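Trainee: Test case, fold it:
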Amino acid sequence: MKTRRTQNLLAAALVGALALMNNFAAADDLSGSVQGAGQPIAGATVTVYAAGTGAPQQLAQGKTDDNGSFHFDVSQPSAESVLYVVAKGGTPKAATDKGPNDAIVLLAVLGGTPPKTVVVNEFSTIASVWTSAQFLKGEVLSGPKLGLRIAAGNVLNLVDLETGGLGPVIQDPLNSSQTATLATLSTLGDLLAGCIARVQGDACQKFFAAAAPPGGVAPTDTLTAAQNIARNPSHQAQTLFTLFDAFYPVSAGERLRPAPFIPYLSFAPPAWTLSLVYAGGGLNSPGGIAIDGEGNLWADDNCLVGSQSTVWHTVGGGLSKLAPNGRPLSPMTLGYRGGGIDNPGFGIAISADDKVWASSLDGRTISVFDRKTGQPLSPATGYNFGGQLGQMQGIIVTPNGDVWALDNEKSQIVYLPKGDATKGRILGRTVNGKPVDGTLQVKAPFHLAIDQQDRIWVTGSPNTVTRFPASDPGKAEQIKVGYGPRAIAIDSLGNAWVANTIGHPDMEEKLKFVEEALESKVERHFESAAAKADAAPQMWINLYNILAKYPGGSASMVRPDGTALPPFDGGKSIIGPWGIAIDGNDNVWVANGFSHTVTALCGARPETCPPGTKTGDPLSPPGGYIGGMQTAITNVAIDPAGNVWVANNWDLPYEGFKKVPDPALATRFGGNGTVVFFGLAKPVRTPLIGPPRQP
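Mentor: Below is the predicted model:
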């Protein structure tokens with residue numbers, strides 16, 4: 001009996017050990033230091049956590065020595081977890097007052113595979129807070145696995161965790177000199193350092209007052225202050241910059257501020273956002289963009305990298321794929337090609353069965369690719385219905401697997417039941433001006449969406465949205481919105497949001513200009529085939545000229561019952577809007593096509609917005625969010641970490657408007673890269689199929 005009992009105890013112990021091994025890998029060393037203003041912080045309490053969907057698990061804890069150093073044997077959690085380090089309190093060597101500073105709380109998100117050595121400082125804190133802004137609450141990091149991984153993966157682009165210095169991507173040519181992100185990061189670091197080192201006796205109190213959230217109380221530590229700024233980047237933006245100026249005044253006879261981190265901002269930013277430009281993998285002049293189920297970005301490349309493309313003559317690109325941290329996954333220069341793709345425009349969609357659908361302008365086709373391999377699944381000619389298709393634009397996959405696409409040139413709709421092209425149909429045609437399919441009639445359709453009632457919404461020229469039941473397209477109705485409607489998105493309440501590129505003209509002169517420039521009958525007035533071919537590029541030029549002469553635009557909200565609310569202009573920040581996206585809080589993100597900015601609007605659930613904000617009010621600063629965006633941007637998408645991705649479509653439009661561009665600038669028409677703003681939006685589940693859902 002005693003022997004059997006001993007065997008049972010041993011067996012139980014073995015089971016327990018195996019269970020523990022499933023949760024933790026072998027113990028590993030983690031060494032590092034805690035620093036403030038470039039110098040050690042002694043006596044800081046350092047805690048290592050594993051973050052997941054629930055409460056974080058403490059793995060190790062200790063204090064830094066007099067040199068700010070620490071060393072732990074950390075039991076590594078399973079690959080499902082993300083490790084992070086919190087350092088609290090301690091005595092900063094950079095301070096003239098050598099007493100402890102309890103307001104110090106610093107952070108470093110290490111990811112699933114942490115480095116052997118880590119420096120926890122201002123840069124690691126800012127990089128970790130901004131990328132993980134949607135998953136942090138004080139010292140608690142918690143969220144869905146994919147979102148946490150995306151956030152952790154982008155930390156390393158901003159900061160080198162092993163040295164505490166700048167990361168490689170923020171210093172590359174696309175970001176270091178062409179955006180203000182590098183200087184913004186350094187200035188934020190200087191603000192945190194001002195409190196840590198107590199450059200003034202009341203430095204922390206001043207910093208915390210400036211970092212209070214809208215309608216909220218002031219924080220009491222540096223980590224909470226950083227989170228408030230990251231989630232409310234335009235709130236008291238000028239006050240924070242004024243504080244930086246006060247912390248580090250330029251001394252007599254000196255040229256630079258005595259700030260610990262450079263380069264710093266010389267001018268107050270409209271918002272304390274951090275954004276990076278990602279490029280490569282054939283990415284050039286991206287039109288439509290979409291996020292897949294692993295958080296990878298897919299993009300339609302209007303132009304081939306290195307080509308001398310213009311609106312008159314385009315060498316079309318293929319598809320590009322970037323990892324959530326911006327690493328190119330598609331082939332350099334060419335991207336993914338084949339399957340009939342040629343100059344894909346705005347149409348891109350990802351299905352639940354790991355397929356990427358895209359529609360082409362010059363190819364006049366629909367193509368489909370394998371999401372995992374990038375290999376084309378459509379024939380070499382694409383799906384072109386025997387040459388019946390014109391220049392294609394929007395495309396979506398519905399929750400039941402159907403594919404709908406829009407023929408912008410021939411004003412018709414393509415329907416592929418369950419994505420089966422052999423059973424495809426062309427809908428919405430007109431004969432002698434009369435619709436063939438009941439009341440379904442569209443004019444130059446551009447983009448589409450499906451709502452919770454299984455109704456398809458289609459934007460079209462000059463100022464309409466067509467809505468019809470997916471099961472009975474012949475029962476269509478027309479809803480008036482603004483002029484030049486482009487992208488459309490449905491929120492969780494069933495409201496449709498439309499980006500009106502030109503808006504709602506209230507001047508007779510402007511309205512006449514708009515109607516003349518966009519009226520499709522101009523194409524019918526041309527006699528020769530060559531002249532007809534010139535109509536499409538001329539329309540793009542006309543559209544740009546309208547916005548140059550009469551800047552403006554709007555976003556329309558159409559309720560499920562078809563009632564269109566008065567338009568929203570984002571405090572005059574919406575100019576030439578093209579793309580539109582809804583985040584997990586139902587707030588609205590608008591890509592301003594011709595002002596290189598993004599506007600955020602409070603959506604149909606004002607309770608998720610700052611106090612006193614109502615539906616349609618801008619959440620972004622006057623003029624919108626800026627950072628890395630070129631002359632014309634097209635689409636905007638939200639990923640599972642709450643990052644906002646924007647497509648740089650045009651760089652130098654006036655070169656692209658020339659039939660023979662300047663040889664020195666002939667490759668500069670197409671935009672370069674996508675821009676990602678970290679942690680600005682409430683995360684959404686991807687791929688986006690139907691209205692957005694939280695992860």
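
Trainee: rest of the way, CA atoms for contacts and neighbours
Mentor: Will do.

Trainee: which stretches of the stretch 101-250 of the chain form strands?
Mentor: Along the stretch 101-250 of the chain, the segments classed as strands by DSSP state E, counting those that start in this stretch run 105-111, 117-120, 136-137, 140-141, 159-160, 165-166.

Trainee: and residue 583, which of those is closest to it?
Mentor: Nearest to residue 583, of all the strands of the stretch 101-250 of the chain, is strand 136-137, at 17.7 Å by C-alpha to C-alpha.

Trainee: Give me the contact list for the closest one.
Mentor: For strand 136-137, contacts defined as C-alpha atoms under 8 Å, 6 or more residues apart in numbering pick out 129, 142, 224, 227.

Trainee: ok, of those, which one's closest to residue 603?
Mentor: residue 227 (22.4 Å).

Trainee: Any idea how many residues pack against the closest one?
Mentor: Each residue near residue 227 was counted by other C-alpha atoms under 10 Å, and the total is 26.

Trainee: Over to residue 417?
Mentor: 18.

Trainee: again, but for residue 55
Mentor: Neighbours of residue 55 (other C-alpha under 10 Å): 13.

Trainee: How about the contacts made by residue 390?
Mentor: For residue 390, the contacting residues are 361, 364, 365, 407, 408, 409, 410, by C-alpha under 8 Å, 6+ apart.

Trainee: Output those residues in TSV, with neighbour count, distance to residue 386 and secondary structure appended to each entry.
Mentor: Converted to TSV, the contacts of residue 390 look like this (neighbours: other C-alpha atoms under 10 Å; distance: C-alpha to C-alpha, whole Å; DSSP: H, G, I helix; E, B strand; the rest coil):
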residue	neighbour count	distance to residue 386	secondary structure
361	24	16	coil
364	28	11	coil
365	29	10	coil
407	30	14	strand
408	24	17	coil
409	18	16	coil
410	19	14	coil
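
Trainee: Present the residues you listed as TSV; the columns should include pLDDT and distance to residue 579.
Mentor: Shown next, in TSV, are those (pLDDT from 0 to 100; distance: C-alpha to C-alpha, whole Å):
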residue	pLDDT	distance to residue 579
361	96	18
364	97	22
365	98	22
407	98	18
408	96	16
409	95	20
410	96	22
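
Trainee: Out of the contacts of strand 136-137, who's the most crowded?
Mentor: residue 129 (30 neighbours).

Trainee: wait, what's in contact with the residue nearest to that residue when sequence neighbours are not counted?
Mentor: With sequence-adjacent residues excluded and distances taken as C-alpha to C-alpha, 6 or more residues apart in numbering, residue 129 is closest to residue 227, at 6.0 Å. Counting by C-alpha under 8 Å, 6+ apart, residue 227 touches 129, 130, 133, 136, 138.

Trainee: in the stretch 401-550 of the chain, which spans are helices?
Mentor: Secondary structure of the stretch 401-550 of the chain (DSSP state H, counting those that start in this stretch): helices located at 508-518, 521-524, 529-533, 535-549.

Trainee: Equivalent analysis for the chain, please.
Mentor: Under the criterion DSSP state H, helices of the chain are mapped to 2-23, 122-131, 145-158, 173-176, 181-196, 203-210, 222-231, 237-247, 508-518, 521-524, 529-533, 535-549, 653-656.

Trainee: pLDDT below threshold where in the stretch 451-600 of the chain?
Mentor: In the predicted model of the stretch 451-600 of the chain, residues 507-533 satisfy pLDDT under 70.

Trainee: Where do the strands of it begin and end?
Mentor: Assigned by DSSP E, counting those that start in this stretch, the stretch 451-600 of the chain shows strands spanning 455-460, 464-469, 477-480, 483-490, 496-503, 554-558, 577-582, 588-592, 597-601.

Trainee: TSV for those, including mean neighbour count and distance to residue 65?
Mentor: Formatted as TSV, the strands of the stretch 451-600 of the chain follow (neighbours: other C-alpha atoms under 10 Å; distance: least, C-alpha to C-alpha, whole Å):
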stretch	mean neighbour count	distance to residue 65
strand 455-460	25	63
strand 464-469	22	66
strand 477-480	17	68
strand 483-490	28	54
strand 496-503	30	56
strand 554-558	27	57
strand 577-582	30	48
strand 588-592	30	47
strand 597-601	26	46
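
Trainee: Which of those strands sits closest to residue 246?
Mentor: So among those, strand 597-601 is nearest, using C-alpha to C-alpha, at 29.8 Å.

Trainee: Taking their axis directions, the closest one and strand 554-558 sit at what angle?
Mentor: Strand 597-601 and strand 554-558 are oriented at 30 degrees to each other (axes from the mean of the first three to the mean of the last three C-alpha atoms, to 10 degrees).

Trainee: residues in contact with strand 597-601?
Mentor: 570, 573-574, 587-592, 615-620, 623-627, 629.

Trainee: Confirm for me that residue 573 is in contact with residue 626.
Mentor: No. Residue 573 is beyond contact range of residue 626, at 11.3 Å (criterion: C-alpha atoms under 8 Å).

Trainee: if you count what's nearby, which of the two comes out ahead?
Mentor: residue 573 (27 against 23).

Trainee: count of neighbours near residue 202?
Mentor: Neighbours around residue 202, by other C-alpha under 10 Å: 11.

Trainee: For residue 622, the count of nearby residues, please.
Mentor: Residues within reach of residue 622, counting by other C-alpha under 10 Å, total 16.

Trainee: which ones are touching it?
Mentor: Residue 622 neighbours (C-alpha under 8 Å, 6+ apart): 270, 571, 572, 573.

Trainee: again, only using 7 Å
Mentor: 571, 573 (C-alpha atoms under 7 Å, 6 or more residues apart in numbering).

Trainee: What distance do you get for it to residue 600?
Mentor: Residue 622 sits 11 Å away from residue 600, taking C-alpha to C-alpha, to the nearest Å as the criterion.

Trainee: same check, this time on residue 407
Mentor: Using C-alpha to C-alpha, we find residue 407 at a distance of 30 Å from residue 600.

Trainee: same deal with residue 97?
Mentor: Going from residue 97 to residue 600 by C-alpha to C-alpha gives 43 Å.

Trainee: for residue 462, same thing?
Mentor: 25 Å.

Trainee: Name the nearest residue to residue 66, sequence neighbours excluded.
Mentor: residue 42 (4.7 Å).

Trainee: Just give the number of residues close to that neighbour.
Mentor: Residue 42 has 23 neighbours, counted by other C-alpha under 10 Å.

Trainee: Any idea which of the strands of the stretch 101-250 of the chain gets closest to residue 372?
Mentor: Nearest to residue 372, of the strands of the stretch 101-250 of the chain and by C-alpha to C-alpha, is strand 105-111 at 23.5 Å.

Trainee: other SSEs contacting that closest one?
Mentor: Contacts defined by 3 or more C-alpha pairs under 7 Å, 6 or more residues apart in numbering; DSSP states H and E place strand 105-111 against strand 82-88, strand 117-120, helix 122-131, helix 145-158, helix 222-231.

Trainee: Now stretch 67-79: buried residues?
Mentor: Buried residues in stretch 67-79, counted by 16 or more other C-alpha atoms under 10 Å: 68, 69, 70, 71, 72, 74, 75, 76, 77.

Trainee: Mind listing the residues bridging to the last one?
Mentor: Okay, so that is residue 77. In this structure, residue 77 bridges to residue 24 when assessed by DSSP bridges.
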